[in-house]
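> Below are the sequence and a predicted model; questions follow.
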Amino acid sequence: MGERCGWVGSEPIYVDYHDTEWGVPEYDSRALWEKLILDGFQAGLSWITILKKRENFRAAFAGFEPGVIADWGEEEVERLLADPGIVRHRGKIEATIGNARAYLAIEAREGFSAFLWDRVGGAPIQNRFATMAEVPAQTALSQRISRDLKAEGFRFCGPTIVYAFMQATGMVNDHLVTCPSHDRVAQAAG
């Protein structure tokens with residue numbers, strides 16, 4: 001059995017996330033939206049900071065229900081800015097409300113999951129990186145998806161955020177080939 005990807009470390013919450021969630025293909029539109037929002041909140045921070053606050057985010061953001069969040073205004077923004085359990089950043093909070101509206105438009109038109117997965121041909125891209133140094137921070141595809149999301153009204157979805165999102169949701173399998181999760185995730189993708 002090989003070693004886990006080098007970014008994991010030894011903290012149990014991070015190990016569990018790596019072993020059970022990161023890189024596993026996600027096709028549920030609402031779950032994809034939640035992950036994109038959380039990746040946007042991560043900008044400038046470490047993922048473990050967001051991971052440790054994820055349940056607080058879910059409680060503060062009504063379970064990440066876009067239909068609820070899309071109707072929010074300044075009162076909810078102020079409430080969230082006062083919540084120490086989340087990352088209190090006005091721009092990211094306001095972007096989440098706007099992103100909920102953009103999500104609803106895409107979901108009604110074609111489905112948010114289809115919107116995203118169509119860009120990778122409906123199946124995860126199976127990378128075979130041997131070292132962390134080989135794993136890119138962004139790709140031409142993440143740049144394109146970022147542009148597509150922004151054209152739909154999304155914010156806090158630059159190409160680096162989008163690539164991290166693609167890794168987390170299994171649109172790309174970036175577990176290192178030496179990691180026991182690489183083959184498991186590849187097989188789960190079919």
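Nice, I can see it. Quick caveat, the model's predicted, so the values are computed rather than measured.

> Toward the C-terminus, what is the element adjacent to the one helix or strand residue 166 maps to?
Assigned by DSSP states H and E, residue 166 belongs to helix 159-168. For helix 159-168, the following helix or strand on the C-terminal side (DSSP H and E) is strand 172-173.

> list the helices and strands that next one packs on?
strand 125-126, helix 180-188 (3 or more C-beta pairs under 8 Å, 6 or more residues apart in numbering; DSSP states H and E). C-beta coordinates here come from the backbone N, C-alpha and C atoms, glycine included.

> and these, which is most packed in?
Among the helices and strands packed on strand 172-173, ranked by average contacts under mean count of other C-beta atoms under 10 Å, first place goes to helix 180-188 (a mean of 16).

> Rounded mean pLDDT for that one, please.
Mean per-residue pLDDT for helix 180-188: 91.

> Hmm, residue 107 is touching residue 66, no?
Yes. Using C-beta atoms under 8 Å, residue 107 is in contact with residue 66, at 7.4 Å.

> could you measure residue 76 against residue 107, distance?
As judged by C-beta to C-beta, to the nearest Å, residue 76 and residue 107 stand 21 Å apart.

> What segments of this structure are helices?
Ranges of helices within the chain are 12-20, 29-42, 47-60, 66-69, 74-81, 90-109, 112-117, 140-151, 159-168, 180-188, based on DSSP state H.

> So which of those helices is nearest residue 3?
helix 180-188 (8.3 Å; C-beta to C-beta).

> packing partners for the closest one?
Looks like helix 180-188 contacts strand 172-173 (3+ C-beta pairs under 8 Å, 6+ apart).

> got the contact list for stretch 168-188?
1-6, 18-19, 21-26, 32, 35, 39, 116-117, 120, 124-132, 135, 163, 165-167, 189 (C-beta atoms under 8 Å, 6 or more residues apart in numbering).

> tell me the contacts of residue 11?
With C-beta under 8 Å, 6+ apart, residue 11 has these contacts: residue 48.

> now the one 10 residues further on
With contacts defined as C-beta under 8 Å, 6+ apart, residue 21 is in contact with residue 168.

> rerun that using 10 Å as the cut-off
35, 51, 168, 169, 170 (C-beta atoms under 10 Å, 6 or more residues apart in numbering).

> and the gap between it and residue 65?
Applying C-beta to C-beta to residue 21 and residue 65 gives a distance of 20 Å.

> can you redo the helices and strands packed on strand 172-173 as TSV with distance to residue 44?
Converted to TSV, the helices and strands packed on strand 172-173 look like this (distance: least, C-beta to C-beta, whole Å):
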stretch	distance to residue 44
strand 125-126	27
helix 180-188	27
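
> Which among those is found nearest to residue 143?
strand 125-126 (14.6 Å).

> partners of the closest one, with directions?
Paired with strand 125-126 in the same sheet, following DSSP bridges, are strand 172-173 (parallel).

> I'd like the helices of the chain as CSV, with distance to residue 174 appended.
As requested, the helices of the chain are exported to CSV (distance: least, C-beta to C-beta, whole Å):
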stretch, distance to residue 174
helix 12-20, 11
helix 29-42, 14
helix 47-60, 13
helix 66-69, 27
helix 74-81, 31
helix 90-109, 24
helix 112-117, 16
helix 140-151, 12
helix 159-168, 5
helix 180-188, 9
